[in-house]
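Student: Build me a model from this:
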Amino acid sequence: MPHDAATPIELGRAIQRAREDAGLTQAELAQSANVSRRWLIEVERGHDNAQVGKVMALLHHLGLTLQVVPHDLPSGHSELDDIVEATLR
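Tutor: Have a look, this model is predicted:
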């Protein structure tokens, strides 16, 4: 499920929800992503570290938000299909 993330805190919450939905502990995710658990904890808390704060500030100034979405989209149907169908109605 996509989550809008306009701040480092919202991005951290989205990452935490995705981790929990995947049934992973912080230690497991940190190990598989080759990052420290301490760093992951800070990201999930929305700390302005690892340049995340700078990226989010840049996006904000551009009027953009970051959306966290699954890598795999359902086959046979896309958001573009929804847009086309809505315009034909």
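
Student: buried stuff in stretch 31-45?
Tutor: For stretch 31-45, burial by neighbour count (16 or more other Cβ atoms under 10 Å) applies to 40, 42, 43, 44. Heads up, the C-betas are built off the backbone N, CA and C, glycines and all.

Student: Restricted to helices, list these.
Tutor: Counted as lying in helices by DSSP state H, out of these, are 40, 42, 43, 44.

Student: Which parts of this structure are helices?
Tutor: Taking DSSP H as the criterion, the chain carries its helices at 8-21, 26-33, 37-44, 52-61, 79-88.

Student: Residue 70 is nearest to which of the ones you listed?
Tutor: Ranking those by proximity to residue 70 (Cβ to Cβ) places helix 8-21 first, at 8.5 Å.

Student: Mind picking out the helix or strand in the protein with the poorest mean pLDDT?
Tutor: The least trusted helix or strand in the chain, going by mean pLDDT, DSSP states H and E, turns out to be helix 52-61, with a mean of 64.

Student: re the thing from before, columns pLDDT on top of the buried residues of stretch 31-45, output as JSON lines?
Tutor: As requested, the buried residues of stretch 31-45 are exported to JSON lines (pLDDT from 0 to 100):
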{"residue": "40", "pLDDT": "85"}
{"residue": "42", "pLDDT": "87"}
{"residue": "43", "pLDDT": "84"}
{"residue": "44", "pLDDT": "88"}
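
Student: Looking at these, which is nearest residue 25?
Tutor: Closest approach to residue 25 among the buried residues of stretch 31-45 (Cβ to Cβ): residue 40, at 10.1 Å.

Student: shouldn't that closest one be in contact with residue 29?
Tutor: Yes - Residue 40 is within contact range of residue 29, at 6.3 Å (criterion: Cβ atoms under 8 Å).
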